[in-house]
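>>> From the sequence below, what's the structure:
(2 chains)
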Amino acid sequence: MEKYITLPLTEEKIRDLQAGDYVYLTGTIYTARDAAHKRMTEAYEQGEGFPIDLTNQTIYYLGPTPAREGQVIGSAGPTTSSRMDKYTPLLLKNGLRGMIGKGKRSQEVMDAMAEEGAVYFAAVGGAGALLSKCIKKAEVVAYEDLGTEAIRRLEVENLPVITVIDCQKHNLYETAVEEFQRTESIRDY
Amino acid sequence: MRTIKTTDITRNIREMCMEANYTLSPDMKRRLEEAREQESGTLGLQILNQLSENMKIAEAEQIAICQDTGMAVVFIELGQEVYIEGGSLAEAIEEGIRQGYQDGFLRKSVVRDPILRENTGDNTPGVLHYEIVPGDQLKLTLAPKGFGSENMSRISMLKPADGIEGVKQAVIEAVSLAGPNACPPMVVGVGIGGTFEKCAFLAKKALTRNTDEPSNIPYVAELEAELLKRINQLGIGPGGLGGKTTALAVNIETYPTHIAGLPVAVNICCHVNRHVTRML
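Prediction:
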């Protein structure tokens, strides 16, 4: 199903999303990838808290290319999410509602998503030039020294993503491939 | 003896970094178009359409096709009758990478130390592979390698008794495990034979071969075709969301090996299989 969602996400909006839904997101999201996740976790463990309030927020696993003059941002596609799995349950316990990336997630992440009420979207990997067109504003809000890995606040308009794991642990990566194999009747394997 | 200036090498590498990151080679574009014509998965087709649109925007606006503009891998074939004038060949290449990534608005994705992880800020160093060959020319192939797919690559030290079936199994298994993480549709580079490091090198080099040209060893060409067919029967599809197009090509390179061994390396690349070659 096609759905248009205005951010921030709420528990109610998340309950309505199912694996397989094609979603257009509009509103504020934050970027963070490997180094920012590590630093956020260390800051939390040292009692300093997170540099941004995660309540109902969505994180896009993204490290963009630099913007040319007149551009908001450079190429801006998703990176592989599983590298963030180690850090993700802590963020979910602290209010994170949505994640945008690509690729599989661990069982621990799926369990924490179901418990806290969160959703995992995939953006198309390798379509960074196209996806950059949906980003209307970009601003570094933390860890500027990390360069491309800094935390950025983005304003997005109709960012196209696919609901891969919903809050009931339905996983499109498993069901879509099974479904395709069933319908295609692959015989001469 | 022929003289090649380091300034010419730097200028060429600089241009090649940009060219590779904004535009795919004609054969890769054809593979993607063919996939669009054949794909029957609903989401799969939608994703291939996005990739096609993305490619057009990247080329027209000179934006990187993918934000992971890779670690610069350079294959250097240096003719033994070439004299390099003006300093070190390696430094000339690194300077080209530095300028290309800076001036081309490409991402700086390299950390100085694998454990300490401080970004070098200019995407150097690259990974440089040298080969000394006959002649008086310098052949440079630049292949910026993204790590979503690099991370899903594998080496298997098979036994001779595992034979060709063992090789097939190793390749299929690597692709299956990679699944959606490697940004399918993928290009699969395979190295068979040599030693532990040689087969990895061959797998990487295989990715730079034109996908229109099968191996010139008949049984290897058949193996490439069979593996491509079997991989596309896995149903992983574009983005890992189901479809016929899991791989666009399988390229295999082989090398003599030891009586006790059968090394197989599988280097996976996403659909943004970037490589540019220039002859100086």
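>>> quick one, longest strand in chain B?
Using DSSP state E to assign secondary structure, the strand with the most residues in chain B is strand B:247-257.
>>> between the following helix or strand past that strand and strand B:247-257, how many degrees?
Once strand B:247-257 ends, the next helix or strand along the chain (criterion: DSSP states H and E) is strand B:262-269. If you take axes from the mean of the first three to the mean of the last three CA atoms, to 10 degrees, strand B:262-269 sits at 150 degrees to strand B:247-257.
>>> Helix or strand next in line after strand B:262-269, which one?
Downstream of strand B:262-269 (by DSSP H and E), the next one is strand B:276-279.
>>> Give me the nearest residue to A:M40, chain neighbours excluded.
Once flanking residues are discounted, A:M40 sits nearest to A:F50: 5.4 Å by CB to CB, 6 or more residues apart in numbering or on different chains. For the C-beta atoms, the positions are set from N, CA and C on the backbone; glycine is no exception.
>>> Would you agree B:N181 is in contact with B:G146?
No - applying CB atoms under 8 Å, one finds B:N181 not in contact with B:G146, separated by 11.7 Å.
>>> Neighbour count for those two, which is higher?
B:G146 (27 against 24; other CB atoms under 10 Å in any protein chain shown).
>>> Kindly list the longest helix within chain B.
For chain B, the longest helix by residue count, based on DSSP state H, is helix B:42-61.
>>> which other helices and strands contact that helix?
Counting contacts by 3 or more CB pairs under 8 Å, 6 or more residues apart in numbering or on different chains; DSSP states H and E, helix B:42-61 packs against helix A:128-132, helix B:26-38.
>>> try 6 Å
Applying 3 or more CB pairs under 6 Å, 6 or more residues apart in numbering or on different chains; DSSP states H and E, one finds that helix B:42-61 contacts helix A:128-132.
>>> what's the model's confidence in the helix it packs on, averaged?
Computed over helix A:128-132, the mean pLDDT rounds to 95.
>>> is chain B contacted by that helix?
Yes - judged by CB under 6 Å from any CB of the partner chain, helix A:128-132 comes into contact with chain B at A:G128, A:A129, A:L130.
>>> B:M279 contacts B:L140, doesn't it?
No - contact status for B:M279 versus B:L140: not in contact, 7.9 Å apart, counting by CB atoms under 6 Å.
>>> neighbour count winner among those two?
Neighbours per residue (other CB under 10 Å) separate B:M279 from B:L140, with B:L140 holding more: 20 against 10.
>>> I'd guess that one is in a helix, am I close?
No - counting by DSSP: H, G, I helix; E, B strand; the rest coil, B:L140 is not part of a helix but strand.
>>> Tell me the pLDDT of it.
You'll see B:L140 listed with a pLDDT of 98.
>>> Quick check: bridge partners of it?
B:I76, B:R278 (DSSP bridges).
>>> Hmm, it is touching B:R278, no?
Yes - using CB under 6 Å, B:L140 is in contact with B:R278, at 5.3 Å.
>>> Mutual contacts of these two, please.
With contacts defined as CB atoms under 6 Å, 6 or more residues apart in numbering or on different chains, no residue is shared by B:L140 and B:R278.
>>> With neighbour count as extra columns, can I get the residues of helix A:128-132 next to chain B in CSV?
Below are the residues of helix A:128-132 next to chain B laid out as CSV (neighbours: other CB atoms under 10 Å in any protein chain shown):
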residue, neighbour count
A:G128, 30
A:A129, 28
A:L130, 25
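>>> with those residues in mind, which one is nearest to A:H37?
A:G128 (20.0 Å; CB to CB).
>>> what are the ranges of the helices in the chain?
Since you didn't name a chain, this refers to chain A. Using DSSP H, helices in chain A cover A:11-15, A:34-45, A:88-93, A:107-116, A:128-132, A:172-184.
>>> looking at chain B here, not the other one
Under DSSP H, chain B gives helices at B:6-22, B:26-38, B:42-61, B:89-103, B:147-150, B:163-178, B:196-206, B:218-232.
>>> Pull out the buried positions in the shortest one.
Of the residues in helix B:147-150, B:G148, B:S149, B:E150 count as buried by neighbour count, 16 or more other CB atoms under 10 Å in any protein chain shown.
>>> can you narrow these to ones near chain A?
Filtering the buried residues of helix B:147-150 for proximity to chain A by CB under 6 Å from any CB leaves B:G148.
>>> out of the buried residues of helix B:147-150, which one sits closest to chain A?
Chain A has its nearest neighbour among the buried residues of helix B:147-150 in B:G148, at 4.7 Å by CB to the nearest CB.
>>> Could you find the closest non-adjacent residue to the closest one?
A:T80 (4.7 Å).
>>> beta partners for that neighbour?
Here A:T80, judged by DSSP bridges, has bridge partners A:K102.
>>> OK, contacts around it?
A:G103, B:G148, B:N181.
>>> out of these, which one sits closest to B:I57?
B:G148 (20.0 Å).
>>> Hmm, the closest one is touching B:P180, no?
No - counting by CB under 6 Å, B:P180 is not a contact partner of B:G148; they are 9.9 Å apart.
>>> what does the stretch 151-280 of chain B put close to chain A?
Within the stretch 151-280 of chain B, the positions lying close to chain A (CB under 6 Å from any CB) are B:180-181, B:183, B:233, B:235-236, B:239-242, B:270-272.
>>> try 7 Å
B:151, B:179-181, B:183, B:230, B:233, B:235-237, B:239-243, B:270-272 (CB under 7 Å from any CB of the partner chain).
>>> And the residues you listed, which of them are buried?
Using 16+ other CB under 10 Å, the buried members of these are B:179-181, B:183, B:230, B:233, B:235-237, B:239-243, B:270-272.
>>> Give me the subset of those residues that lies in strands.
Short answer: those have none in strands (DSSP E).
>>> Domain boundaries for chain B, per the record?
Chain B resolves into domains spanning B:2-20+B:65-145, B:148-273 when parsed by automatic domain parsing.
>>> if we can go back for a sec, pick out whichever of the residues of helix A:128-132 next to chain B sits closest to B:P160.
When those are compared against B:P160 (criterion: CB to CB), the nearest one is A:G128, at 43.8 Å.
>>> Could I get the contacting residues of that closest one?
A:S75, A:A76, A:G77, B:A64, B:I65, B:C66, B:Q67 (CB atoms under 7 Å, 6 or more residues apart in numbering or on different chains).
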